[in-house]
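In: Quick one: sequence plus predicted model below, questions after.
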Amino acid sequence: RSFSDLLFPGCQLTASTKSYTFQVDKEDDSDHILALSVVCLTDGAKDECNVVEVVGRNHENQEIAVPVANLKLSCQPLLSLDNFKLQPPVTFRLAAGSGPVHLTGWHQIVHREDASFEEDDDLSEEEEKELAPIMPARK
């Protein structure tokens, strides 16, 4: 495997642009990770609650929305998300407030270079099976 780390130039959510979707080419067989670093209010923001949600899909392909930031000029204008990792496609939505809210982070691409790597994955799965099972806690 080889990795490419790219700066995610970010997006801005406002009253007129309430959502932004980050997606990759469906024909790309690389693994993609989008990591959010910072969510912050920018010039022109009002002193109101600005709630940013991440919208994705669960294992049953149902849409789920999770709030990740609640920003307000007077008490929390900026939030570090410590590279909160997401798998594209993902939508960022301004669920409350009028912004502007700016999101930044990075985009990592994991390239699959050859088939031998997949064999290594199978081997590690077999090794994992050999580990002792997790025993329930005693009450």
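Out: Sure, I can see it. Numbering: from 1, shown residues only.

In: For the chain, give me the ranges with low pLDDT.
Out: Along the chain, the model assigns pLDDT under 70 to residues 1-7, 28, 112-139.

In: which residue is nearest the centroid of it?
Out: Central residue check for the chain by Cα atoms, centre = their mean: the C-alpha nearest the mean position is that of L86, 2.6 Å away.

In: Just give the nearest non-adjacent residue to it, would you?
Out: Once flanking residues are discounted, L86 sits nearest to L34: 4.8 Å by Cβ to Cβ, 6 or more residues apart in numbering. (C-beta placed from N, C-alpha, C; glycine too.)

In: who's the one you found bridged to?
Out: L34 forms beta bridges with L86, H107, as assigned by DSSP bridges.

In: residues near it, how many?
Out: L34 is flanked by 23 other residues according to other Cβ atoms under 10 Å.

In: thinking again about what came up before, relative to E60, how far out is the residue nearest to the centre of the chain?
Out: Distance of L86 to E60, given as Cβ to Cβ, to the nearest Å: 18 Å.

In: residue boundaries of the helices in the protein?
Out: In chain order, the chain shows helices spanning 116-129, with DSSP state H as the criterion.
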